[in-house]
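Chemist: need the 3D shape of this:
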Amino acid sequence: MPEIVANSVLPARRDPLRLVTADGLRLVGELALPQNGEPVGTIVCVHPLPTHGGMMDSHVLRKMAWRLPALANLAVLRFNTRGTTSAAGTSEGSFDEGVGEGLDLAAAIAAVTARGLPDPWLVGWSFGTDVVLKHGNVDPVRGAVLLSPPLRFSTDEDLASWNVGRRPVVCLVPEFDDYLAPDAAEARFAVMENAEVRGIAGAKHLWVGERFVRIVLDHVVGVVAPERAPLPDTWEGPMERWSDI
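Modeler: Next comes the predicted model:
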């Protein structure tokens, strides 16, 4: 069977989204759904720092949307936070250091509820982890997976607030992260009763390289839909190749 490579795109229903926040901003996004049948779970992605190039198309999140509807029967919702631009367009508003972005996340969660999508999990990457930690401990969220959490905008009080509800939080921390290495992450996340820090050998903050993308996706699916993990690295069926820029 053909191997899944960096720019492989597997079949899915891909619907453009327009989210409206409580303060009246219109955000752009996309919902990728299994091509046939209903999803077994839902991932809501929150991207890295938009002032440093982060967006809904940041490579790990894009590959979740390209692969996981087919490989894991998951729905994947991505969106641009306020003031962020990608190929899908520009969301209204301006960067707000993780404060207003809480309303953006709330709009995405509301869209999941409105569409009746099951078991939503939040997946934040870098800045996105701060947004999740500050604003994501709400119903109907099941838990969160954090990629390269820098804890730049999150306080110990934000972390400890997750002890109410005891939603599980899994932190994937690169061995060579520029901002928070695994040992330091263990210390910072100790205030969270349901947090698990997983150090990822050889990885860096941006998860560059197909090897590390596969590691991340396997961990995410192992949390959200464990019966679907580990993911296959081949695909028998239609498979396109899109730009992997």
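
Chemist: list phi and psi for residue 34.
Modeler: Backbone torsions of residue 34, given as degrees, to the nearest 10, read phi -50, psi 140.

Chemist: ugh, wrong one, residue 240
Modeler: phi -100, psi 170.

Chemist: what sits against it?
Modeler: With contact taken as CB atoms under 8 Å, 6 or more residues apart in numbering, residue 240 is in contact with 8, 9. The C-beta positions use only the backbone N, C-alpha and C, and glycine is treated the same way.

Chemist: how much space between it and residue 4?
Modeler: For residue 240, the distance to residue 4 equals 12 Å [CB to CB, to the nearest Å].

Chemist: do the same with residue 128
Modeler: Distance check for residue 128 against residue 4: by CB to CB, it reads 24 Å.

Chemist: now stretch 218-230, how far from the chain's geometric center?
Modeler: Taking CA atoms, centre = their mean, to the nearest Å, the mean C-alpha location of stretch 218-230 is offset from the chain mean by 14 Å.

Chemist: nope, stretch 16-29 is what I was after
Modeler: Remark: stretch 16-29 is offset 18 Å from the chain centroid, using CA atoms, centre = their mean.

Chemist: how about residues contacting that stretch?
Modeler: By CB under 8 Å, 6+ apart, the surrounding residues in contact with stretch 16-29 are 30-31, 56, 77-82, 86, 88-93, 100, 103-104, 106-108, 110-111.

Chemist: what residues sit buried inside it?
Modeler: By neighbour count, and taking 16 or more other CB atoms under 10 Å as the criterion, the buried residues in stretch 16-29 are 17, 19, 21, 25, 27, 28, 29.

Chemist: give the rounded mean pLDDT of the host helix or strand of residue 29.
Modeler: With the criterion set as DSSP states H and E, the secondary-structure element containing residue 29 is strand 26-33. If you average the pLDDT over strand 26-33, you get 98.

Chemist: sounds good, over and out.
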